[in-house]
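Participant: kindly return the folded structure for what I paste below:
(2 chains)
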Amino acid sequence: MAKAASSKTESHGLADAFPEERIVELYRTEVLARVMDERCLTLQRQGRIGFYVPLAGQEAAQVGSGYALDPSDWIFPAYRELGLALVRGVPVKSLIDQFVGNSADLTKGRQMPNHYAFREQRFVSASSPIGTQITQAVGAAMAAKKRKDPIVTITFFGDGATSSNDFHAGLNFAGVFAAPTIFFCQNNGWAISLPREKQTLSRTLAEKADAYGLPGVVVDGNDVRAVYRAVREARARALAGDGPTLIEAQVYRFGPHSTSDDPSRYRAEEAVRKAREHDPVVLLQSELIRTGILTKDSDAKIWEELKAEVARAIEAAEKTPAMEPLSFFDDVFAQPTPALEEQKASFEQLVREGVLRP
Amino acid sequence: MTELTLVQAVNRGLRVALSSDPDVLILGEDVGVNGGVFRATEGLQKEFGPDRVIDTPLSETGIVGTAIGMALYGLKPVAEIQFMDFIYPAFDQIVSELAKMRYRSGGQYPCHVVVRTPYGGGIRGGLYHSQSTEAYFAHTAGLKVVIPSNPADAKGLLLTAIHDEDPVIFLEPKRIYRSVTGEVADGDYRVPFGKATVVIEGTDVSLFAYGAMVPPTVEAAQTLLSEGISAEVVDLRTLVPLDEKAILASVEKTGRAVVVHEAARFCGFGGELSAILAEKAFYSLKAPITRVTGYDTPFPYALENSYLPNPARIAHAARTAARTQ
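Facilitator: Below is the predicted model of the structure:
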């Protein structure tokens, strides 16, 4: 089945080869993600943000896949997709606003850091339950197809999510309805403490696609060009009406699952050191310097510029006023129910009486 | 006006919505060619095509998850879960996703899905075709919970649900799908959410019910009348939003309250209703609030008539309350 599908794919061709003229732009986005990641881990340790989910090791997978999309495509992310948000053009300040939970946070301080939503960038709201976004991406793709909109939906999830109910339901529905969806699995080797080989006996995660009658593709997630091509190809298939594709981008999670996690409990530093030999940011950096596209100096300048940009955004986000205390009552429904209005009024009353100091 | 059964009224409501709005679509198990196991969607796929009345694979999380994606994209999906007892594979999608999407995205992503599902006992359905678990959903912020008790309300509330801006859990009392008939207006009409209806006016005791419990409650009220007890029957129609005003007004008048539901008692919706009355109508009460409910057992197959509230149990509770001065 996978073979038949891939021969079909060839007819779409790789009309758009990798945009080499944009390689520095992609590299910059990867560096920006890395810089933000390092800064945010520090901010969390300093108590300036409550929580953080690092993406180090997954920059090329996210930037390459994001770059292969059209701005009109819809993204159904998990919570580790900072690089993807950046490649979609989400401003650094907007991301930091969400981490801080200030009054400029588009999610209004309701979600933990990294669980953001950016409607303007068609970046749908992330949640914490694993895999739930997968079926949603399929539904949106079915809707787009019904309206004959020439777009695809793409959903991001990890190796752990391939064990979820919604992975199964999503791939199955997408196959049956030929939904224009891309299932983009970032296999980073770890579902918190569970290594990939204990998640499933399957040899690869991509081969699970076979059971649903879909093509499954494995790509080196540290190779930004390979990721880009795989997503372009899947996108072309989807738009041609040939249905969904499962892509397994093999990466490695260099950091902890989140700032609440201590990986020394379950994995040896040696494995991380080895994985870091294939650090996607370093790989691209070395290549660009080796081929003369960048010099050591021009590269250093990129890092400095981006560090300064992130520092400015953090400063601005921390100066942005806090959330309005009563706002947590809003957006439960389009219009509040009488019961909610009553609860809000009673909260206000407690504040007036000095019982509560919001 | 046409004389219809409750399930026919649901069917007509869906048909009106499909005809008038191209964004409306139906998805679920056996809803297309087969017209639904209760025939609620009978004839609709033939009329509107397989892209608007979609037979899905057998996965409730798939049905609700894809419906959420469709709604985010701008469609108005009506998902059918074949029996409420089978809704739990979709519980995560309903509770963690559907209910919270608007809130967690700061209002960027409203997510309007109607989940229709038949609920309740009295059809010899045993453990897994009889449950009445509205309390799980009423307890979750962000969901509206609607339970019609008659054909006219079924159609009017369903059309309101489909054109609402928020997620709606629409529970259909399958026990009275066919046993109750009534005059139903043709075309599009809407019954507003949050408006209870006084089915029978009375002065001595208020009986609160919804869905399939309304007919036995009305029967109990009629029995009581012959004994000289004037019972008021209030049909809640929507649990969220709840018409507190109507509930309080009734108890302020009668001073006595009996809450009826077929769901198990402990942490059932009757507990909430009783608490509201205790908090806000305490000084009007002349008797303890009582609940007539299902028991705290799983739903029994052969003895379901012992489990379900019936007119005798309801009348007994109301009589006891009415005699308390």
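
Participant: phi, psi of B:Val258?
Facilitator: When read as degrees, to the nearest 10, the backbone of B:Val258 gives phi -120, psi 130.

Participant: partners of it in the sheet?
Facilitator: Under DSSP bridges, the beta-bridge partners of B:Val258 are B:Leu207, B:Thr290.

Participant: would you map the strands across the stretch 1-150 of chain B?
Facilitator: Counting by DSSP state E, counting those that start in this stretch, the stretch 1-150 of chain B has strands at residues B:2-5, B:24-28, B:53-55, B:76-80, B:114-119, B:144-146.

Participant: need the residues of the stretch 201-325 of chain B near chain A, please.
Facilitator: Proximity of the stretch 201-325 of chain B to chain A is confined to B:Val240, B:Pro241, B:Leu242, B:Glu244, B:Lys245 under the rule CB under 8 Å from any CB of the partner chain. C-betas here are computed from N, CA, C, even on glycine.

Participant: give me the subset of these lying in strands.
Facilitator: Using DSSP state E, B:Val240 are the members of those that sit in strands.

Participant: related to what we said a few turns ago, okay if I get the strands of the stretch 1-150 of chain B as a markdown table plus distance to chain A and mean neighbour count?
Facilitator: Formatted as a markdown table, these follow (distance: least, CB to the nearest CB, whole Å; neighbours: other CB atoms under 10 Å in any protein chain shown):
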| stretch | distance to chain A | mean neighbour count |
| --- | --- | --- |
| strand B:2-5 | 30 | 15 |
| strand B:24-28 | 8 | 24 |
| strand B:53-55 | 8 | 23 |
| strand B:76-80 | 8 | 26 |
| strand B:114-119 | 13 | 26 |
| strand B:144-146 | 7 | 26 |
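
Participant: wait, which of these is closest to B:Glu304?
Facilitator: Of all those, it is strand B:114-119 that lies closest to B:Glu304, at 13.9 Å by CB to CB.

Participant: sheet partners, orientation included, of the closest one?
Facilitator: Partners of strand B:114-119 in its sheet, by DSSP bridges: strand B:76-80 (parallel), strand B:168-173 (parallel).

Participant: could you tell me the angle between the shortest one and strand B:24-28?
Facilitator: Pointing back at strand B:76-80 there. Angle between the axes of strand B:76-80 and strand B:24-28 is 20 degrees (criterion: axes from the mean of the first three to the mean of the last three CA atoms, to 10 degrees).

Participant: please apply the same query to the longest one.
Facilitator: With the same axes, to 10 degrees defining the directions, strand B:168-173 sits at 60 degrees from strand B:24-28.

Participant: mind checking the pLDDT average for strand B:168-173?
Facilitator: Over the span of strand B:168-173, the pLDDT mean works out to 98.

Participant: got a list of what the residue most central in space within chain B touches?
Facilitator: With distances taken as CA atoms, centre = their mean, B:Ile147 lies nearest the centre of chain B, 1.6 Å away. Applying CB atoms under 8 Å, 6 or more residues apart in numbering or on different chains, we find B:Ile147 in contact with B:Tyr119, B:Glu134, B:Leu171, B:Pro173, B:Tyr210, B:Gly211, B:Leu236, B:Arg237, B:Thr238, B:Leu239.

Participant: confidence score at it?
Facilitator: pLDDT, read off for B:Ile147, is 98.

Participant: next one: B:Gln325
Facilitator: 82.

Participant: in terms of helices and strands, where is the nearest residue to it once chain neighbours are set aside?
Facilitator: In space, and not counting its chain neighbours, B:Gln325 is closest to B:Lys286: 6.5 Å by CB to CB, 6 or more residues apart in numbering or on different chains. Per DSSP states H and E, B:Lys286 falls between elements, in no helix or strand.

Participant: was I right about A:Asn172 contacting B:Ser59?
Facilitator: Yes - with contact defined as CB atoms under 8 Å, A:Asn172 reaches B:Ser59; the gap is 6.9 Å.

Participant: show me the chain divided up by domain.
Facilitator: Just so you know, I chose chain A. A:2-323, A:325-358 (automatic domain parsing).

Participant: wait, chain B was what I had in mind.
Facilitator: Split by automatic domain parsing, chain B gives B:2-184, B:197-323.

Participant: mind listing the helices for the stretch 151-300 of chain B?
Facilitator: B:151-162, B:214-226, B:244-254, B:269-280 (DSSP state H, counting those that start in this stretch).

Participant: let's have these in TSV, adding mean pLDDT and mean neighbour count.
Facilitator: What follows is the helices of the stretch 151-300 of chain B, written out as TSV (pLDDT from 0 to 100; neighbours: other CB atoms under 10 Å in any protein chain shown):
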stretch	mean pLDDT	mean neighbour count
helix B:151-162	98	25
helix B:214-226	98	20
helix B:244-254	98	19
helix B:269-280	98	17
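
Participant: so what's residue 110 up against?
Facilitator: As the question left the chain open, I've gone with chain A. A:Phe328, B:Tyr103, B:Arg104, B:Gly106.

Participant: look at chain B instead
Facilitator: Contacts of B:Pro110 by CB under 8 Å, 6+ apart are A:Ala334, B:Met101, B:Arg102, B:Glu165, B:Asp166.

Participant: possible to save the residues you listed as CSV with distance to B:Ile123 and neighbour count?
Facilitator: As requested, those are exported to CSV (distance: CB to CB, whole Å; neighbours: other CB atoms under 10 Å in any protein chain shown):
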residue, distance to B:Ile123, neighbour count
A:Ala334, 35, 12
B:Met101, 34, 26
B:Arg102, 35, 24
B:Glu165, 33, 12
B:Asp166, 30, 24
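
Participant: could you dump those residues to JSON lines with distance to A:Ser164?
Facilitator: Listed next are the contacts of B:Pro110 as JSON lines, based on distance: CB to CB, whole Å:
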{"residue": "A:Ala334", "distance to A:Ser164": "30"}
{"residue": "B:Met101", "distance to A:Ser164": "18"}
{"residue": "B:Arg102", "distance to A:Ser164": "23"}
{"residue": "B:Glu165", "distance to A:Ser164": "29"}
{"residue": "B:Asp166", "distance to A:Ser164": "26"}
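
Participant: quick check, nearest of these to A:Arg235?
Facilitator: B:Met101 (25.6 Å).

Participant: by neighbour count, which of the contacts of A:Arg110 wins?
Facilitator: B:Arg104 (25 neighbours; other CB atoms under 10 Å in any protein chain shown).

Participant: check contacts around it.
Facilitator: B:Arg104 neighbours (CB under 8 Å, 6+ apart): A:Thr107, A:Arg110, A:Gln111, A:His115, A:Ala117, A:Ser125, A:Ser127.

Participant: what sits closest to the third one if chain neighbours are left out?
Facilitator: This points to A:Gln111. That would be B:Arg104: by CB to CB, 6+ apart, it lies 5.3 Å from A:Gln111.

Participant: anything in the one helix or strand A:Leu86 maps to near chain B?
Facilitator: Assigned by DSSP H and E, A:Leu86 belongs to helix A:82-87. No - if you take CB under 8 Å from any CB as the test, helix A:82-87 misses chain B, and the best it gets is 13.8 Å.

Participant: what's the first helix or strand after that helix?
Facilitator: Taking DSSP H and E, what comes next after helix A:82-87 is helix A:92-100.

Participant: just checking, what packs against that next one?
Facilitator: The elements that helix A:92-100 packs onto, with contact taken as 3 or more CB pairs under 8 Å, 6 or more residues apart in numbering or on different chains; DSSP states H and E, are helix A:23-45, helix A:82-87, helix A:296-319.

Participant: my guess is B:Val292 contacts B:Pro311. True?
Facilitator: No - using CB under 8 Å, B:Val292 makes no contact with B:Pro311, being 10.2 Å away.

Participant: the more surrounded of these two?
Facilitator: Relative neighbour count places B:Val292 above the other of B:Val292 and B:Pro311, with 25 against 17, counting by other CB under 10 Å.

Participant: how far away is the more buried one from chain A?
Facilitator: 24 Å (CB to the nearest CB, to the nearest Å).

Participant: and B:Cys267, by the same measure?
Facilitator: Counting by CB to the nearest CB - B:Cys267 and chain A are separated by 18 Å.

Participant: that residue contacts B:Thr133, doesn't it?
Facilitator: No - using CB under 8 Å, B:Cys267 makes no contact with B:Thr133, being 10.6 Å away.

Participant: having no further points to raise, I will conclude here.
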